[in-house]
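J.: need a structure here:
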Amino acid sequence: MRAAQVAGNAEDIRVLRAVTAFECGAIVNPDGLRNQIEGAVVQGLGGALFEAIRFQDGRILNPRFSEYRVPRFGDVPHLETVLLDRKDLPSAGAGEAPIITIAPAIANAVFAATGRRLRSLPLSLNR
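T.: Numbering: from 1, shown residues only. Below is the predicted model of the structure:
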């Protein structure tokens with residue numbers, strides 16, 4: 001489960017806080033699991049808000065990594081991670097699972113604030 005708190009305007013959506021509750025069976029290494037989850041949130045911010053190959057007249061406008069926007073330290077929101085330790089279940093890996101819910105959480109927060117449904121990535125109120 002993931003929830004996000006956002007702020008911003010039509011040109012800039014900013015995530016202030018991201019809360020994640022995660023269950024993957026019995027937790028073997030809580031610090032490692034927390035790092036995996038929080039790293040996935042930060043990486044997911046890129047796809048949700050910034051990362052895009054831009055085209056114009058059949059040409060790529062950002063062909064270099066220096067021109068491709070990825071999350072920076074200043075983009076990282078306050079992260080809250082709740083680990084659900086299910087000792088009654090076998091341990092399963094976290095893998096990339098936590099990355100998939102940050103974009104929908106941001107889009108839902110934007111909808112709650114503005115009434116507009118954003119359905120394409122990166123999320124923008126200008127489209």
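
J.: Please report phi then psi for Gly46.
T.: phi -60, psi -50 (degrees, to the nearest 10).

J.: what pLDDT does it get?
T.: You'll see Gly46 listed with a pLDDT of 95.

J.: can you give me the helices in the protein?
T.: Residue ranges of the helices in the chain, as given by DSSP state H, are 30-45, 102-114.

J.: Turn those into CSV, including mean neighbour count and distance to Ala18.
T.: Where you see a C-beta, it was placed from the backbone N, CA and C, and this is true even at glycine. Formatted as CSV, these follow (neighbours: other Cβ atoms under 10 Å; distance: least, Cβ to Cβ, whole Å):
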stretch, mean neighbour count, distance to Ala18
helix 30-45, 18, 5
helix 102-114, 18, 6
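
J.: Quick one: closest of these to Phe73.
T.: Nearest to Phe73, of all those, is helix 30-45, at 9.3 Å by Cβ to Cβ.

J.: so that closest one versus helix 102-114, what angle?
T.: 60 degrees (axes from the mean of the first three to the mean of the last three Cα atoms, to 10 degrees).

J.: out of the helices of the chain, which comes closest to Val82?
T.: Here helix 30-45 is closest among the helices of the chain (Cβ to Cβ), at 9.7 Å.

J.: Now stretch 87-99 - C-alpha only, CSV.
T.: Provided in CSV are the C-alpha atoms of stretch 87-99 (Å, rounded to 0.1, in the frame of the first residue of the first chain):
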residue,chain,number,x,y,z
LYS,A,87,6.5,-14.8,10.6
ASP,A,88,3.7,-17.2,9.6
LEU,A,89,4.7,-16.9,5.9
PRO,A,90,7.9,-17.8,4.1
SER,A,91,10.2,-15.0,3.2
ALA,A,92,9.7,-13.6,-0.3
GLY,A,93,11.9,-11.0,-1.9
ALA,A,94,11.0,-7.4,-2.3
GLY,A,95,12.6,-7.1,-5.7
GLU,A,96,11.2,-4.4,-7.9
ALA,A,97,7.6,-4.7,-6.5
PRO,A,98,7.7,-1.4,-4.5
ILE,A,99,8.5,0.7,-7.7
